[in-house]
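Colleague: A predicted structure for the sequence below; I have some questions about it.
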Amino acid sequence: MSRVARAPGHGVGVICCMLAAIAWGTTGTVASFAPGVSAVAIGAAAMGLGGLMQAMVAWRGIHRDRGALLRHRWLLIVGAVSVALYPLAFYSSMRLAGVTIGTVISIGSAPLISALIENRLEGSRLTFRWGIGALIGLAGMVLLSLAETDHGAVAPNIPLGVGLGLVAGGTYALYSWTARRVMQRGVPAPAAMGATFGLGGLILLPILVATGAPFLESARNFGVGAYMAVVPMFLGYIAFGQGLARISSSLATTITLLEPVVAALLAVLFVGERLPPSGWTGVAMIVGCLFWITIPVPPRRDAPRPAASVVDPA
């Protein structure tokens, strides 16, 4: 992440990304109330229907800015394909490697991949401060992962699950970057996010039709599907889009390290899981990472002054 002046609304952007991460952190607990629905179906319903709702809400803006969107169609296509791949890889990773490992790899890898994308494609500098913050956050996520895996969760194929988690982290970072680039080129956030996620939702619709029958088998399953589409994927990504319009994609994805903390706390409160002290240490480290990377650095008092201010008038 490059060291640039903080734009107006930086704090609002940080808060929006935190709200998005909190909404996303509820998905694991809510999905546990519909064990008969496959992970692929949940991902297709959540991101597919949520994406289409974003497009419908933003339709007027999409229509108004259609010329600009068409000029940047390759960014939209890459972002839409990434949106479609992300939930399939993410939920499959949790199914194969376990919920905690899947979440840690998917969410934990995204900030590093996002910063690498900005570095390679935009020439942004990776600052020492950001690197320290990312390491603190990732170390906390490792502690949290090890603490929960002590409970003996079943993981049928950890290597494949880890690989899919990296795919999820990469696609998450990529659609965050493409959406922000479209915004930087003059397209308002609702139109950019609505177009990206609407196209991604259209890609996911056939998968939802093929796998989504269990949502209709009970009111609980239907409620889970509706919640996943409306709260984390519709409202959560609206908040995330507002955040991306104000802060860099690498900072935005780093802030979403809050997601596994929320997921762990909800699992303790509602699913009956218990965290050992090392798990709570991991939670504290992730929260510390958020403070480290988001609190503005005060200017140095010993910074050299401009030459004109030290010239002797005599």
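Modeller: Perfect, I can see it now.

Colleague: surely Ser109 is in contact with Thr171?
Modeller: No - if you go by CB atoms under 8 Å, Ser109 and Thr171 don't touch, sitting 10.6 Å apart. Heads up, the C-betas are built off the backbone N, CA and C, glycines and all.

Colleague: neighbour count: those two, which is higher?
Modeller: Neighbour comparison, Ser109 and Thr171: the larger count goes to Thr171, with 26 against 21 (by other CB atoms under 10 Å).

Colleague: does that one sit in a helix or strand, and which one?
Modeller: Per DSSP states H and E, Thr171 falls inside helix 158-184.

Colleague: ok, and for that helix, which residues are buried?
Modeller: Neighbour counts over helix 158-184 (16 or more other CB atoms under 10 Å) mark 158, 161-183 as buried.

Colleague: what number of residues lie near Gly128?
Modeller: Just to correct that, residue 128 is Phe rather than Gly. By the criterion of other CB under 10 Å, Phe128 has 9 neighbours.

Colleague: hmm, I was thinking of Thr211
Modeller: Thr211 is flanked by 18 other residues according to other CB under 10 Å.

Colleague: need the contact list for it.
Modeller: Each residue near Thr211 by CB atoms under 8 Å, 6 or more residues apart in numbering is listed here: Ser38, Val40, Ala41, Ala44.

Colleague: please apply the same query to Leu76.
Modeller: By CB under 8 Å, 6+ apart, Leu76 lies in contact with Leu69, Thr178, Val182, Ala195, Thr196, Leu199.

Colleague: now swap in Leu208 and tell me
Modeller: Ala41, Ala44, Ala45, Gly48, Leu49.

Colleague: Val283: which element?
Modeller: Secondary structure from DSSP H and E places Val283 in helix 277-294.

Colleague: what residues sit buried inside that helix?
Modeller: Neighbour-count burial for helix 277-294, counted by 16+ other CB under 10 Å, picks out 279-283, 285-287, 289-290, 292-294.

Colleague: and what of stretch 86-99?
Modeller: Neighbour counts over stretch 86-99 (16+ other CB under 10 Å) mark 86-99 as buried.

Colleague: likewise stretch 208-216?
Modeller: For stretch 208-216, burial by neighbour count (16+ other CB under 10 Å) applies to Leu208, Thr211, Gly212, Pro214, Phe215.

Colleague: so how far is that stretch off the chain centroid?
Modeller: Computed by CA atoms, centre = their mean, to the nearest Å, the chain-centroid distance of stretch 208-216 equals 25 Å.

Colleague: related to what we said a few turns ago, just give me the closest of the contacts of Leu76 to Leu19.
Modeller: Checking those against Leu19 with CB to CB, the nearest one is Thr196 at 19.4 Å.

Colleague: surely the closest one meets Val81?
Modeller: No - if you go by CB under 8 Å, Thr196 and Val81 don't touch, sitting 10.0 Å apart.

Colleague: compare those two (neighbour count), which wins?
Modeller: Using other CB under 10 Å as the criterion, Thr196 and Val81 rank with Thr196 on top: 29 against 17.

Colleague: for that one, what are its contacts?
Modeller: Applying CB under 8 Å, 6+ apart to Thr196 gives the contacts Leu76, Gly79, Ala80, Val83, Tyr175, Thr178, Ala179, Val182.

Colleague: in those residues, find the pair that's most separated.
Modeller: Within these, Val83 and Val182 form the most distant pair, 13.0 Å apart (CB to CB).

Colleague: so where's the stretch 201-314 of the chain uncertain?
Modeller: By pLDDT under 70, the low-scoring segments of the stretch 201-314 of the chain are 272-273, 275, 294-314.

Colleague: what does the stretch 1-150 of the chain give?
Modeller: For the stretch 1-150 of the chain, applying pLDDT under 70 flags the ranges 1-8, 99-100, 147-150.

Colleague: go with 90
Modeller: Within the stretch 1-150 of the chain, the stretches falling below the threshold (pLDDT under 90) are 1-13, 24-36, 39, 54, 90-150.
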